[in-house]
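Asks: Following is a predicted model, sequence given first.
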Amino acid sequence: RLHRLKKLSNILQYDGHISFLSFTLLRNFAAVLLVAHWEACTMYFLARLDDFDDSTWLGPLVKTEGEEKATFELYLTSLYLSITTFATVGYGDFSPVNS
């Protein structure tokens, strides 16, 4: 599938209907989203390995007031943290905690 995507990319790159700037921006945006998705899935998987214990970054967010959050909501939280990691220097909404 990735080979077909590369082939399509080469075709669109030299197409006269799409400007080179628009193509480059769209291609780079798609690459960033793909890497952010992979990072979000990895971060979710690592938290899940420890059964969302309170020592993991996702643990305190899993159970809020006794109710469990949906898997998609946890994925969105992972995606948010992934994009925040790429785009910023620090986390203003995550405070350090000592045990």
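Replies: Good, I have the coordinates.

Asks: what about residue 7, how many residues close to it?
Replies: By the other C-beta atoms under 10 Å criterion, the neighbourhood of residue 7 contains 10 residues. Just so you know, the C-beta spots here come from the backbone N, C-alpha and C atoms, and that holds for glycine as well.

Asks: And residue 78, by the same measure?
Replies: Counted with other C-beta under 10 Å, the neighbours of residue 78 add up to 24.

Asks: List the buried residues in the helix or strand it falls within.
Replies: Secondary-structure element containing residue 78, defined by DSSP states H and E: helix 71-87. Of the residues in helix 71-87, 74, 77, 78, 79, 81, 82, 83 count as buried by neighbour count, 16 or more other C-beta atoms under 10 Å.

Asks: From the residues you listed, pick the one nearest residue 25.
Replies: Proximity of those to residue 25 (C-beta to C-beta) peaks at residue 83, which lies at 17.3 Å.

Asks: Look up how far residue 7 lies from the closest one.
Replies: Per C-beta to C-beta, to the nearest Å, residue 83 is found 29 Å from residue 7.

Asks: for the protein, which helix is longest?
Replies: Longest helix of the chain, by residue count under DSSP state H: helix 20-49.

Asks: Buried residues in that helix, which are they?
Replies: Neighbour-count burial for helix 20-49, counted by 16+ other C-beta under 10 Å, picks out 36, 39, 40, 43, 44, 47.

Asks: and the helix or strand following it, what does it pack onto?
Replies: On the C-terminal side of helix 20-49, the closest following helix or strand by DSSP H and E is helix 59-62. Using 3 or more C-beta pairs under 8 Å, 6 or more residues apart in numbering; DSSP states H and E as the contact definition, the elements that helix 59-62 packs against are helix 71-87.

Asks: report the angle between the axes of the helix it packs on and helix 20-49?
Replies: Note on geometry: by axes from the mean of the first three to the mean of the last three C-alpha atoms, to 10 degrees, helix 71-87 and helix 20-49 are set 120 degrees apart in direction.
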